[in-house]
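Chemist: Could you look at this predicted model? Sequence included:
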Amino acid sequence: MLVNTKEMLLKAKEGKYAVAAFNVYNLETVQAAVRVSEELQHPVIIALGERYFDTVDVEGFASLVQTIGAKSSVPVSLHLDHAYEKESIIRAIRAGFNSVMFDGSKFDLEENTRLTKEITEIAHMAGVSVEAEIGSVALGAFSDEEEGTGTLTDPLEAKKFVEKTGVDFLAAAIGTVHGMYKGEPNIRLDLLDEIRNLVDVPLVLHGASGTPDEIIKEAVARGICKINVNTEVSLAATRHLDEMFKNGNQKNEHLSNIMAEMQKSMEPVMMKFVQLLKQSI
Ligand code: 13P
């Protein structure tokens, strides 16, 4: 069934578990995310980034996710990930997305607050929930996200930001990176505690790929309700494809088989994340 992302995350907060937001780009990524979530009987967020608006038919894609989500045995929501333009947010709302992320992290706090508040008012009128980011998640390896400064979230600023903007969930920068880590991860769980103590809305962790399992579990236990996963899933598929062709293992090169193989190769990675998020410590 399709549900409102805010309701899904408030339940997660209460139940002390988290929901994965898998970035998707095509039918196979959507099918993999829903299939794995049904197998583990856990809700899932299907996240499409604004950066794919040039290559993906947004309205067609929304219909596809809505159809798959409506017949799913677990709650599914459709989320717009990292949007920088108001036009994209309005387009997603019109297409029936359940939530949107406005990423104003490149602006100073005052401007981020002003723009986020404006977006939140528009989205709320349509019954759509809003995520925003304060601080800025840095860029690691193999990601296709935008460069971030790596500025950690200030807990007091986060509290004021949420109060002033009315956002429904907040992405907190605590040291994870978009993509794989270039060195040792330094995730500030103590900072997460401080933010959690001051901010009441569900918290979001971006940059799950490459983050040690124990840290993810601990972050969920300390109040993260949504975990964004992209690069690790994409790498599983592209590396599998590379292996298939490199070793001459690909006996049937028909595109339909290759797409099915790619879906299969993504599922174990998604499974790992959902299993981690289901359990609270
Ligand atoms: P990763 O690519 O590190 O999994 O991060 C995804 C993300 O945060 C998308 O918003």
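Modeler: Noted; the coordinates are in hand. Predicted model only: the values in this text are computed from it and were never measured.

Chemist: tell me what the worst-scoring helix or strand of the chain on mean pLDDT is packed against?
Modeler: Within the chain, no helix or strand scores below strand 138-139, which has a mean of 90 by mean pLDDT, DSSP states H and E. On a contact count with 3 or more Cβ pairs under 8 Å, 6 or more residues apart in numbering; DSSP states H and E, strand 138-139 meets strand 177-178. In this view, the C-beta of every residue, glycine as well, is placed from N, C-alpha and C.

Chemist: Can you tell me what sits against the helix or strand just after the least confident helix or strand of the chain?
Modeler: Using DSSP states H and E, the helix or strand that follows strand 138-139 in sequence is helix 155-165. The contact list for helix 155-165 (Cβ atoms under 8 Å, 6 or more residues apart in numbering) reads 109, 112-113, 116-117, 120, 132, 134-135, 167, 170, 172, 191, 194-195, 197-201.

Chemist: ok so, going back, parallel or antiparallel, list what pairs with the least confident helix or strand of the chain.
Modeler: strand 177-178 (parallel) (DSSP bridges).

Chemist: Now the element after the partner strand, going C-ward?
Modeler: Sequence-wise, the next helix or strand downstream of strand 177-178 (DSSP H and E) is helix 189-198.

Chemist: mind listing what's buried in that next one?
Modeler: Residues 191-192, 194-196 are the ones in helix 189-198 that count as buried (16 or more other Cβ atoms under 10 Å).

Chemist: any weak-confidence spans in this protein?
Modeler: Applying pLDDT under 70 to the chain flags residues 247-252, 280-281.

Chemist: And the strands in it?
Modeler: Ranges of strands in the chain, per DSSP state E, are 19-23, 44-49, 76-83, 99-102, 129-134, 138-139, 169-172, 177-178, 203-205, 224-229.

Chemist: residues from the protein in reach of the ligand?
Modeler: Contacts of the chain with the ligand, taken as Cβ under 6 Å from any ligand atom, map to 23, 81-82, 143, 178-179, 206-209, 228-232.
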